[in-house]
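K.L.:
here are the coordinates; sequence isn't available:
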């Protein structure tokens, strides 16, 4: 089992190294500390969401509402601060709490009403984005204090502030998924939910926690995004769900659940970000890059499948 | 598992001891819910503004969104078989550009209209082979395809719009007997697909594959071939949807219509197609596509602030789905 | 029974939303407006000191070939296709500029920022941009300035200190006046009209709508603004929305205004297909090529736009002048190739000219 899990990640790691080498050869501006750290900054929001999305997909579920939660949290941060006059840190925490509650609601709809995750989060994708639009009345909130930008535009010990958050989240998530009882519960649900239920595992509680965590990650990503681009708009985070899911499945997580690792997701993230950045530096336009990412996604899973020959999934 | 809880007559498992009405209700539960939701919507909105049910507005609701309903038929088949396709919006964008390019470069109109159907089938045959034989999950293949088609479209066209389309190309504007052509397409294709899914061996086998692939294989259904075929058929529906989509206006945009894939998938699943595979009908997906169009129109007619439009749609989707789940759970217990 | 429940829920959620319905709602923004005089007297232009930014330690680029990237709001629509053609034309004419266009495939602030960031790293000499959001794009543009890159905007502005110059196609209040005047000429001073726009969050459109509302209230107080609907950058949705407006208001609706180059032709098509040419006027912002069928069939009388090819062309020349050091803070005009001298306004903006009104007589002279 462990061997099989590692196999996809090994292939992906190899591929990532090859891609990094080619890109570094193509442009001398690619493999510089400044550029790499900057890319880390740019991928943090998708990264946070993708790391937790790994849990969601490992349970056999999916969360399409994350992009909308990013938008809703961004809007609420602005509204709480500007219209309600809360101090900014408090406003950000309140907004994150609301975004987390949005994730919790996803969990409730999925576990209590037994609505399939894809449909439940498809509906809340529309609902949360709609709330963001309704609350903002299409106005954007600007003019945040300089100190707030430390989170999205500043550095800590020479590394972009938000990258630390991503690193810590990834380590914690990796340990939880890989080495705890709770992580094993998540895998068990994804492999066979009925069996997990019969063996007395807290299936509903675990699912509720996973979707709540997904909402929380998206909410934090929302606040970081506001800090990085210094404004709030109700359309922020549109399409982010597909970027996150792409990273997760590229990382070898089975969309049917039961299989996947945080390390794989991180490799997937790095590979996509490196391609976007490196191809651009090598003079390839954005639309060409999108095509290549699509090809890489399909080919990686194809190669991995051929090597595995485990067939049934 | 969830689909084993409730009887699905579409796969021919409705208990025969029940009355005709109960059987019908069990078979078309979600379709009935959507139908009554639509009736309720029409009654309420018409009470507020009687122009809502004017023939012109009905034409707008039905015909302007017929392409979504047609695309949702193929999507319903894909989901019933236990797969998904997130690339259909991008595919329609690409096919529309192909269609328009052929039309303005002097090819006969029927060529310009029919070629996209075959291209759609070819593209989806590739997807189907990768899903069925290379065993890549359909969401992965189509996520990749979404990127390839969206980026490729811009790379090839450079973003130029197509205008100067010959008038006879614009078939979606035709109104035989005063009814817009897209409505004929939508109704005919829905009925055709519904009968085919219900009564043909092929159609019924799709429910079997989606419901329980192992059992389907054991009963001798060639799963791989059928999977490729259903993707090919889905591609043909994307081509047919393009026929309506590309011929509605005198200009074709070379960008992918935003969020079209989400709209199509939503129509299919709200129409009662279980995302777990194995249940649902294409009548439901068409009804749901129309319901969405009607909601969009109703919100304008009832002066709902456009800022809240999407929130209202989200609530409506949730309410519909939860009502359906309550119904199914109760049926499962009965 | 479930159906009753559902029906009541549907009606409940609908009626709940009525609470939020607003009658006098236009879709404009909250910024102060400055409507022009009704009789066409020139607006007052307050002179302002230069408020743009400066690249830090920019190398001497005078006369040298410079490498420029153009990042529009999105690629794949006719309008930005025309601006990049203008930029390419100018680059060819000068012979000392390598220009390429690369933009997001969706009008998405984050994608645009990432693209620009990558081009900063790759070491371009100049960046031309049309911002999806004036504030969101500012940090990355400031980063470009700090890296010694010349930064010039066109079409959609950024915060002034995040770029050196902005080529303004036409002032917001000038466009508002042209649109409302054309509309009034067709539907009369007491007609009712509705607006189809992209989204309420698109800054340029929101600004135009706000200025149009102010100008209409000032100069045509009897005209009735029925409502504003969103239709993304999607022509089929624009078509459906325009149709719904026609059906909803019936004979009361006298005019539809399209706020984007996508919405206007779609609205014209809706009016044409509804057989309402002549009874419902369509005016708005659009590119001439997309409007030719409707103008030649007499369904649309006038289309308002600047020339986007010229806009891109001017932007390229302004960037060249800024890179050469010929265009500095305090300048009052700049030479832009075949366009001649362009005026500096508002401190750090360069005005392309007045908005242009295309009619049946002149529309065939344009190809973009």
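P.N.:
Arrived safely. Note that this is a predicted model, so its numbers are computed, not measured. Numbers count the residues shown, from 1 in each chain, chains lettered A, B, ... in the order given.
K.L.:
ok, the residue most central in space within chain C - contacts?
P.N.:
Centroid-nearest residue in chain C: residue C:204, 5.2 Å away (criterion: CA atoms, centre = their mean). By CB atoms under 8 Å, 6 or more residues apart in numbering or on different chains, residue C:204 lies in contact with C:155-156. Using the backbone N, CA and C atoms, a C-beta is placed for each residue, glycine as well.
K.L.:
and residue A:225, how many neighbours?
P.N.:
By the measure other CB atoms under 10 Å in any protein chain shown, the count of residues near residue A:225 is 26.
K.L.:
The helix or strand of chain A with the lowest mean pLDDT packs against which elements?
P.N.:
Least confident helix or strand, chain A: helix A:2-26 with a mean of 80, by mean pLDDT, DSSP states H and E. Applying 3 or more CB pairs under 8 Å, 6 or more residues apart in numbering or on different chains; DSSP states H and E, one finds that helix A:2-26 contacts helix A:262-281, helix A:286-308.
K.L.:
Show me which residues of the stretch 51-200 of chain B are close to chain C?
P.N.:
B:51-52, B:54, B:56-57, B:60, B:64-65, B:67, B:150-151, B:153-154, B:157-161, B:163-164, B:173 (CB under 8 Å from any CB of the partner chain).
K.L.:
From the residues you listed, which land in strands?
P.N.:
With DSSP state E as the criterion, strands contain residue B:163 from among those.
K.L.:
sorry, back to before: which of the helices and strands packed on helix A:2-26 has the lowest mean pLDDT?
P.N.:
Ranked by mean pLDDT, these bottom out at helix A:286-308, with a mean of 84.
K.L.:
is the strand or helix carrying residue B:289 up against chain C anywhere?
P.N.:
Per DSSP states H and E, residue B:289 falls inside helix B:282-301. Yes - using CB under 8 Å from any CB, helix B:282-301 reaches chain C at B:293, B:296-301.
K.L.:
Are we agreed that residue B:279 is in a strand?
P.N.:
No - per DSSP: H, G, I helix; E, B strand; the rest coil, residue B:279 lies outside any strand segment and is coil.
K.L.:
phi, psi of residue A:197?
P.N.:
Dihedral angles of residue A:197 (phi, psi; degrees, to the nearest 10) stand at phi -60, psi -40.
K.L.:
List the residues that contact it.
P.N.:
Per CB under 8 Å, 6+ apart, neighbours of residue A:197: residue A:203.
K.L.:
Quick check: it vs residue A:184, distance?
P.N.:
Using CB to CB, to the nearest Å, one obtains 15 Å as the distance from residue A:197 to residue A:184.
K.L.:
ok, back up a step: just checking, what packs against the helix holding residue B:289?
P.N.:
helix B:29-48, helix B:55-64, helix B:66-80, helix B:181-199, helix B:260-270, helix B:309-333, helix C:235-249.
K.L.:
Out of these, indicate the one that is most buried.
P.N.:
helix B:66-80 (a mean of 30; mean count of other CB atoms under 10 Å in any protein chain shown).
K.L.:
so it versus helix C:235-249, what angle?
P.N.:
Put simply, helix B:66-80 runs at 120 degrees to helix C:235-249, going by axes from the mean of the first three to the mean of the last three CA atoms, to 10 degrees.
K.L.:
residues from the stretch 201-313 of chain A in reach of chain C?
P.N.:
By CB under 8 Å from any CB, the residues of the stretch 201-313 of chain A that approach chain C are A:225, A:228-231, A:233-239, A:276-277, A:280-281, A:283, A:285-287, A:290.
K.L.:
where are the low-confidence patches of chain C?
P.N.:
Applying pLDDT under 70 to chain C flags the ranges C:1-28, C:40-47.
K.L.:
for whatever residue of it ends up closest to chain A, helix, strand, or coil?
P.N.:
Using CB to the nearest CB, the closest approach of chain C to chain A is made by residue C:200 at 3.3 Å. For residue C:200, the reduced secondary structure class is coil; criterion used: three-state DSSP.
K.L.:
Could you double-check that it lies in contact with residue A:136?
P.N.:
No - using CB atoms under 8 Å as the test, residue C:200 is too far from residue A:136 to be in contact (9.1 Å).
K.L.:
what touches both of these two?
P.N.:
Counting by CB under 8 Å, 6+ apart, the residues touching both residue C:200 and residue A:136 are residue B:307.
K.L.:
Now do residue B:269 against residue C:266, distance only.
P.N.:
Distance, residue B:269 to residue C:266, by CB to CB: 29 Å.
K.L.:
what about residue 67, neighbour count?
P.N.:
You didn't say which chain, so I picked chain A. Residues near residue A:67, counting by other CB under 10 Å: 27.
K.L.:
you looked at the wrong chain, it should be chain C
P.N.:
Look at residue C:67: counted by other CB under 10 Å, it has 15 neighbours.
K.L.:
In chain A, which residue sits furthest out from the middle?
P.N.:
Quick read of chain A (CA atoms, centre = their mean): farthest out is residue A:198, 31.1 Å.
K.L.:
Name the SS class of residue C:206, please.
P.N.:
Three-state call for residue C:206 (three-state DSSP): helix.
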